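Engineer: Sequence first, predicted coordinates after that:
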Amino acid sequence: MKKDISIYIHIPFCVKKCAYCDFLSAPACDTTIEKYVDRLCEELRRYGEKYYDRRVITVFFGGGTPSLLSAAQITRIAETLKSSFDIDEQAEISIECNPGTVSYEKLTTYKHIGINRLSIGLQSANDNELRLLGRIHTYEQFLQTYNSAKDAGFDNINVDIMSALPGQTIESYLATLKAVVDLQPKHISAYSLIIEDGTPFGKIYADMSLDTDSDTQTHKAEDKTIVDAIEYPSLPDEDSERQMYYLTEKMLSEHGYHRYEISNYAYEEYECKHNLVYWTGGDYIGVGLGASSYVDGVRYKVTDNLDAYLKEQCVYGDGATANVGCAGFEYEDIMPLSVEDKMEEYMITGLRLMRGVSKSKWRSIFGNDMSVIYGDVIEKYERLGLLETVEEKKDVFVRLTRHGIDVSNTVMADFLLDKTDE
Ligand code: SF4
């Protein structure tokens, strides 16, 4: 039987850079985008020769803004995928779409080429919040995209929303939640805004926190090339942020969504299969600029230098010696994982899932009882009420409690093993 693999395809282009974004994405001209699609197809073909003995169970077009590509470009990539790999008939094939970049015609093309799941970036139903984020769309444009997707025959749709936005109130966040649940998408991803260094927001909000004299707590962005010169309100305080976080689970569960991962909610049977591969230690290859892969116990990524990616490499790169990636492309951060690394990752990513980490699966992968490695740390957090061990469906799972989810980063950090002797 063929071994499973998943494929992530990175499209690193956006109409314009949002003020909070630290993803690998930027605007680009048509010529660059076309060249990029050529290289992407080449990388897929070469990977296909290498993994002809694998069965592809999920594909995810992420970005950036994959829906920025023309229908012809996406079709070309999808056809290359199909001719290069053995794609399972039931494979989940998702694409991220941003309102303002996708038409009904493009959506019908997606349907026609076998894409069966859409992930639409709404972020907020409040136009002022969208403007402050630097998004290019309005709520009305999102609605048009959502309705066109339904008309084009898409049933499996995710909507991304965000909390803790500049100027956001509990009421405005509730209005976003309500607007989304009224549409009944099958899946909702709800993340809190993180202010990242090196982004326009990183600068604006670092300056604002230093500006203790400011009564209004607003900031006029100075770099007009990146962010519109508008007044930025302060971020919600910690208490409001917490309330938004709790309201998310409450409102979504009242509307039939079950939380299956810290930030992800779905109707039964509509969990994102591709992300589950990441969270359960499955094999995947990342194709395109900066994309990460994890195959046969080795983690690595494609170069994040666009010029290097667009150029055929005359060497086989480090990938050849470590047997990662494919010839003619540059890979970096190649890291074969030790058994300890794999155990850590398995626990830390597995604890993100509400069902927790299966003890029987652990035993089948690592050949020992989870308590041999993690008995003490599990016991410690059980005593503190942050972890629990539960029997379910003839298996035993270790998982975060409700309180444990609130401090998940602290708990997870304790699952890092001492590897000083290595
Ligand atoms: S659309 Fe997404 S990837 Fe593109 S700049 Fe905005 S946040 Fe970043």
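Structural biologist: In hand now; what should we look at?
Engineer: which secondary element of the chain has the worst mean pLDDT?
Structural biologist: helix 317-322 (a mean of 53; mean pLDDT, DSSP states H and E).
Engineer: Give the next helix or strand downstream of that one.
Structural biologist: From helix 317-322 onward toward the C-terminus, using DSSP states H and E, the following helix or strand is strand 331-336.
Engineer: Dump the C-alpha coordinates for that next one into CSV.
Structural biologist: Extracted C-alpha coordinates of strand 331-336, given in CSV (Å, rounded to 0.1, in the frame of the first residue of the first chain):
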residue,chain,number,x,y,z
TYR,A,331,16.8,24.1,0.2
GLU,A,332,17.9,25.2,3.6
ASP,A,333,17.5,24.6,7.4
ILE,A,334,17.8,20.9,6.7
MET,A,335,17.3,19.1,10.0
PRO,A,336,17.0,15.4,10.4
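Engineer: Helix or strand next in line after that strand, which one?
Structural biologist: Defined by DSSP H and E, the subsequent element after strand 331-336 is helix 339-350.
Engineer: any residues touching that next one, and which ones?
Structural biologist: Applying C-beta atoms under 8 Å, 6 or more residues apart in numbering, the contact partners of helix 339-350 are 278-281, 297, 335, 337, 356-358, 362, 365-366, 373-374, 412, 415-417, 419, 422. Every residue, glycine included, has its C-beta placed from N, CA and C.
Engineer: so after it, what's the next helix or strand?
Structural biologist: Downstream of helix 339-350, the first helix or strand assigned by DSSP H and E is strand 357-358.
Engineer: Which other helices and strands does that following strand contact?
Structural biologist: helix 339-350, strand 395-400 (3 or more C-beta pairs under 8 Å, 6 or more residues apart in numbering; DSSP states H and E).
Engineer: can I get these in JSON lines with mean pLDDT?
Structural biologist: Conversion of those to JSON lines gives the following (pLDDT from 0 to 100):
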{"stretch": "helix 339-350", "mean pLDDT": "95"}
{"stretch": "strand 395-400", "mean pLDDT": "96"}
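Engineer: Let's have the ones you listed in CSV, adding mean neighbour count and distance to the ligand.
Structural biologist: Output for these, formatted as CSV (neighbours: other C-beta atoms under 10 Å; distance: least, C-beta to the nearest ligand atom, whole Å):
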stretch, mean neighbour count, distance to the ligand
helix 339-350, 18, 23
strand 395-400, 19, 28
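Engineer: In the stretch 101-250 of the chain, what residue lies closest to the ligand?
Structural biologist: Going by C-beta to the nearest ligand atom, the ligand is nearest to G121 of the stretch 101-250 of the chain, at 6.1 Å.
Engineer: Does that residue lie in a helix or a strand, and which?
Structural biologist: Here G121 sits within strand 117-123, counting by DSSP H and E.
Engineer: Just the C-alpha atoms of that strand, please, in CSV.
Structural biologist: Extracted in CSV, the C-alpha atoms of strand 117-123 (Å, rounded to 0.1, in the frame of the first residue of the first chain):
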residue,chain,number,x,y,z
ARG,A,117,-12.3,23.4,-0.1
LEU,A,118,-12.0,27.2,0.1
SER,A,119,-10.5,29.2,2.9
ILE,A,120,-11.7,32.9,2.7
GLY,A,121,-9.8,35.6,4.7
LEU,A,122,-12.5,37.8,6.2
GLN,A,123,-10.7,38.8,9.4
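Engineer: looking only at pLDDT, what's the mean for it?
Structural biologist: Strand 117-123 comes out with an average pLDDT of 98.
Engineer: Check which residues of the helix or strand encompassing E241 are buried.
Structural biologist: Remark: E241 resides in helix 238-254, with elements defined by DSSP H and E. Using 16 or more other C-beta atoms under 10 Å as the test for burial, helix 238-254 gives S240, E241, Q243, M244, Y245, L247, T248, E249, M251, L252.
Engineer: and which of the residues you listed is nearest Y205?
Structural biologist: Taking C-beta to C-beta as the measure, Y205 sits nearest to E241 out of those, at 13.5 Å.
Engineer: Would you confirm that the closest one contacts S192?
Structural biologist: Yes: counting by C-beta atoms under 8 Å, E241 does reach S192; the two are 6.6 Å apart.
Engineer: Quickly list what's touching both of those two.
Structural biologist: S163, A164.
Engineer: ok, now how distant is the residue of the stretch 301-422 of the chain at minimum distance from the ligand from I170?
Structural biologist: Here the stretch 301-422 of the chain gets closest to the ligand at one residue, D304, 14.0 Å apart by C-beta to the nearest ligand atom. Distance, D304 to I170, by C-beta to C-beta, to the nearest Å: 38 Å.
Engineer: How many neighbouring residues does D127 have?
Structural biologist: Neighbours of D127 under the rule other C-beta atoms under 10 Å: 14.
Engineer: residues in contact with S148?
Structural biologist: Counted by C-beta under 8 Å, 6+ apart, S148 has contacts V102, S103, Y104, L107.
Engineer: For it, report the pLDDT, please.
Structural biologist: For S148, pLDDT reads 98.
Engineer: Now do the helix or strand containing it and strand 117-123, the angle between them.
Structural biologist: In this assignment (DSSP H and E), S148 forms part of helix 139-151. Relative orientation of helix 139-151 and strand 117-123, computed by axes from the mean of the first three to the mean of the last three C-alpha atoms, to 10 degrees: 170 degrees.
Engineer: domain assignment for this protein?
Structural biologist: 3-193+235-278, 356-413 (automatic domain parsing).
Engineer: Let me have those domains in CSV, extended by distance to V287.
Structural biologist: What follows is the domains of the chain, written out as CSV (distance: least, C-beta to C-beta, whole Å):
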stretch, distance to V287
domain 3-193+235-278, 5
domain 356-413, 26
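Engineer: Highest mean neighbour count out of these?
Structural biologist: Sort the domains of the chain by mean neighbour count, taking mean count of other C-beta atoms under 10 Å, and domain 3-193+235-278 sits at the top with a mean of 19.
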